[in-house]
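Chemist: Fold the following for me, if possible:
(one chain, ligands or ions: 1)
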Amino acid sequence: MLGVFDSQTLGPGFELSSEHLLIQRTVREFIEAEMAPVVGDYLEHDAFPEAVVRGLADIGVMGLPFPEEYGGSGAGMVAFALALEEIARVSPSVAAIVFAHSSPATLIFLNGTEEQKREWLVQLAEGRIVGAIGLTEPSGGSDAGAVRTKASWDGTSWILNGSKTFITNAGTPMSGVAVVAATTELESGSGLSSFIIPADAPGFETGEPLHKIGWRAADTREIFLRDCRLSPTSLLGKPGEGLRQMLTAVTYGRVCVAAIASGLARACFEQGRGYARERVAFGRPIADNQGVAFKLVDVAVGLAAARLLTYRAAALVDGGQPFRAEASMAKLHATETAFEAARQAIQIHGAYGISREQPVSWLLGEAKVLEIVEGTSEIQRMLLARLLGISE
Ligand SMILES: Cc1cc2nc3c(=O)[nH]c(=O)nc-3n(C[C@H](O)[C@H](O)[C@H](O)COP(=O)(O)OP(=O)(O)OC[C@H]3O[C@@H](n4cnc5c(N)ncnc54)[C@H](O)[C@@H]3O)c2cc1C
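Modeler: Sure thing, here's the model as predicted:
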C-alpha cells in the first residue's frame, strides 16, 4: 500500500531503450504517412479502417506486447504504450481498436493452454484477425461480477446463452474471436468463467453497430449468444477463474487507455498551441493573453504527469511487479487530463472548435469515452480508496 509512494516502485523503464525509440519512430512514420491522410473519412462515416489496421499489423503493432514464439515481437508494455500514444495523437479511435484487440490476446496469453495460444494468440498477435472482449452486459458493466450470461455443460459441449453490449471489434471484417465472460455452476455455487468464442461459432451473433460520440472508427456492437455451442477447449483456464482473469485483463487495459489518453492530450496541446499562436484578436496572437497561455500550460503539466504515470505502470508490467494501483492512477489521471485538454483546446479554437471539419472538434467525444471504458473514473477512485487503505 505504502509502496505506491515508495521511490523504488518507480522502477525501471523511464529511460527509453533504443528499441523503444525505434518502435516509436516506426509507428509515428506509419501514422503520419499512411493513417493521417485517410482517417478523417473513416471517422466521418463511422467505418472500421481495415486498411489502416492491416498496415499496423504489418509493422508489428498488434503483437508488440506478446512473445515472438506466439507471433508477437516481445517488445513489452512500455513499447505498446508508446505505440498507442503515437496512434492516439492522430486518432484515438484507431488506438482504441488496437487496445481492445490486445485484451482478448492478453487473456489467452495469461490463461490459455499451449494449444489455445497456438490456435488463437498467434493469429491475434500477427494481426491476421482482430479480437474482442465481452464482459459488459445491457444490465451493467461496472459490477463485473454481476454477469447474467450463462454457460452450462451438457456432457460434451459448453452451451452459452445471454447477451453482451458495447463490445468493440466484434463485428468487423477482420473479427475472428471474442473472449466472453459467462456464469457457470460450480460445486461451491456459481462463478464466472471465460470462453474463447470463434466468430463463426453456431449461436454467436452480432447486432448492428452502435453510433457513438467517440471511438467512431472503432466497431462497437451487441453480441447475442443463443444456445451457442462450444467445444470443451473453448474454456479458458478453470471454471470459476473468469472474474480474476477478466479483472487482470482490464488492469492491463487501464495502462493502454492511459497511453491513449496521453496521446489525445498531446494532440489537444499541439493543436491548441498552434491555433493560439496564429489566431489574432485585439491586434495580437491570442496566445499572448495569459488567459489562453495558462490553459495550455495546465494541459502540458497534466500531460507530463499522465505520461509519467503511464510509463511507470507499463514499466512495472514489464518488470513483473504489481501494478494495480499504478494502472488505476494512470488511467484516472490521464483520462481526466485528456477530457480537460479537449475542453480547453476547443475553447481556444472558439467557433472553429465546434466545426466538424476541425480535427480538434472530435477530441471531446473521444476523451469522454476514455473516462468510461476499462472502469469509469468513479470505479478507479473506488478501487484506489481500497488499494490505498482509505476504505474497505
Ligand atoms: C465505446 C465503448 C466501448 C466499449 N468496449 C467494451 C468492450 O469491448 N468490452 C466490454 O466488455 N465492455 C466495453 N465497454 C463497456 C464499458 O466497459 C462500460 O461502459 C463500463 O464498464 C461502465 O459500465 P456501464 O456503462 O454499464 O455503466 P454502469 O455500471 O451502469 O455505471 C453507470 C454510472 O454509475 C457509476 N457507478 C456505478 N457503480 C458505482 C459505484 N459503486 N460508486 C460510484 N459510482 C458508480 C459509474 O461510474 C457510471 O458513471 C465499452 C464502452 C464504450 C462506451
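
Chemist: how is the protein carved up into domains?
Modeler: Domain ranges of the chain: 2-130, 132-241, 244-387, per automatic domain parsing.

Chemist: Okay, now the unreliable bits of this protein?
Modeler: 1-14 (pLDDT under 70).

Chemist: most centrally placed residue in it?
Modeler: By CA atoms, centre = their mean, the chain has its centre lying nearest to Phe99, at 3.8 Å.

Chemist: Redo the domains of the chain as a markdown table? Include distance to the ligand.
Modeler: Using the backbone N, CA and C atoms, a C-beta is placed for each residue, glycine as well. Formatted as a markdown table, the domains of the chain follow (distance: least, CB to the nearest ligand atom, whole Å):
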| stretch | distance to the ligand |
| --- | --- |
| domain 2-130 | 5 |
| domain 132-241 | 3 |
| domain 244-387 | 3 |
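
Chemist: Val317 falls within a helix, correct?
Modeler: Yes. Counting by DSSP: H, G, I helix; E, B strand; the rest coil, Val317 is located in a helix.

Chemist: Leaving out chain neighbours, which residue sits closest to it?
Modeler: Spatial nearest neighbour of Val317, excluding adjacent residues (CB to CB, 6 or more residues apart in numbering): Met77 at 3.9 Å.

Chemist: and the helix or strand hosting Lys295, what does it pack onto?
Modeler: Taking DSSP states H and E as the criterion, Lys295 maps to helix 290-318. Judged by 3 or more CB pairs under 8 Å, 6 or more residues apart in numbering; DSSP states H and E, the packing partners of helix 290-318 are helix 76-90, helix 242-278, helix 324-349.

Chemist: what sits opposite the spatially closest residue to Pro198 that is not a sequence neighbour in the beta ladder?
Modeler: Counting by CB to CB, 6+ apart, Pro198 lies nearest to Val177, which is 5.7 Å off, once chain neighbours are set aside. On the basis of DSSP bridges, Val177 is bridged to Gly131, Pro198.

Chemist: dump the residue contacts of Val177.
Modeler: Pro104, Trp120, Gln123, Leu124, Ile129, Gly131, Ala132, Ile196, Ile197, Pro198, Ala199 (CB atoms under 8 Å, 6 or more residues apart in numbering).

Chemist: try it again with 10 Å
Modeler: By CB atoms under 10 Å, 6 or more residues apart in numbering, the contact set of Val177 is 104-105, 108, 119-121, 123-124, 129-132, 169-170, 196-201.

Chemist: what do you get for Trp153?
Modeler: With CB under 10 Å, 6+ apart, Trp153 has these contacts: Ile159, Thr184, Glu185, Pro232, Leu235, Pro239.

Chemist: Over to Phe224?
Modeler: Contacts of Phe224 by CB under 10 Å, 6+ apart are Thr149, Asn161, Gly162, Ser163, Lys164, Thr165, Gly203, Phe204, Glu205, Thr206, Gly207.
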